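Visitor: any chance you could fold what I've pasted below:
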Amino acid sequence: MPHVVHAHYTLLLRKSPLDLWVRLRSLLRHQMVDPASAVLVDLFPDGGDHEFGQVICGEGRVYRFDLVYDRDRSGGARRAVLRHWADITDSWQTEPLQEQTSDAFISMMPTGRTDLSEPDSGRIKDPVLH
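Guide: Down below sits the predicted model:
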């Protein structure tokens, strides 16, 4: 069965008004990742004060990070910070979330389209990305 956690977390990342998700959107923008086109592969507790996450940006780069905040303090999520931000684009296939990342890539919308229309000469046109 495919991993669908990324679909749920991506929806939360893009739409949730809760402090944690609002702050994560802001932090990702500071890393030049657009939350509107990114896919959040996973985000899960990994210790008392942080969560481990992985995101695919719209351009297909894969990043691993820790989201650190005080869960026990009121408003702690609003002060969350990213730590251990790492570009793992070239190595995600060897990472612990490789299956989830693969599933997330498959679910991503393509960034372009292929034009297969025929030109007036009747020959089939080479595919061109737009």
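Visitor: the nearest residue to W92 once chain neighbours are set aside and R78, how far apart?
Guide: Among residues not flanking W92 along the chain, V62 sits closest, at 4.5 Å (C-beta to C-beta, 6 or more residues apart in numbering). No exception for glycine: its C-beta is placed from N, CA and C like everyone else's. Per C-beta to C-beta, to the nearest Å, V62 is found 27 Å from R78.
Visitor: mind listing the helices for the protein?
Guide: Assigned by DSSP state H, the chain shows helices spanning 5-15, 19-30, 98-107.
Visitor: what about the strands in this structure?
Guide: 39-45, 50-56, 62-68, 81-87, 114-115, 128-129 (DSSP state E).
Visitor: columns distance to S26 on top of those, output as TSV?
Guide: Shown next, in TSV, are those (distance: least, C-beta to C-beta, whole Å):
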stretch	distance to S26
strand 39-45	14
strand 50-56	14
strand 62-68	12
strand 81-87	10
strand 114-115	35
strand 128-129	32
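Visitor: let me have the ones you listed in a markdown table, extended by distance to S16, mean neighbour count and mean pLDDT.
Guide: Compiled in a markdown table, the strands of the chain are given as follows (distance: least, C-beta to C-beta, whole Å; neighbours: other C-beta atoms under 10 Å; pLDDT from 0 to 100):
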| stretch | distance to S16 | mean neighbour count | mean pLDDT |
| --- | --- | --- | --- |
| strand 39-45 | 11 | 19 | 93 |
| strand 50-56 | 15 | 22 | 94 |
| strand 62-68 | 14 | 21 | 96 |
| strand 81-87 | 18 | 13 | 96 |
| strand 114-115 | 34 | 10 | 52 |
| strand 128-129 | 33 | 10 | 49 |
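Visitor: give me the neighbour count for G75.
Guide: The tally of other residues near G75 (other C-beta atoms under 10 Å) stands at 9.
Visitor: next, count neighbours for the closest residue to it other than its chain neighbours.
Guide: The spatial neighbour of G75 that comes closest, neighbours along the chain excluded (C-beta to C-beta, 6+ apart), is D19 at 7.0 Å. Neighbours of D19 under the rule other C-beta under 10 Å: 16.
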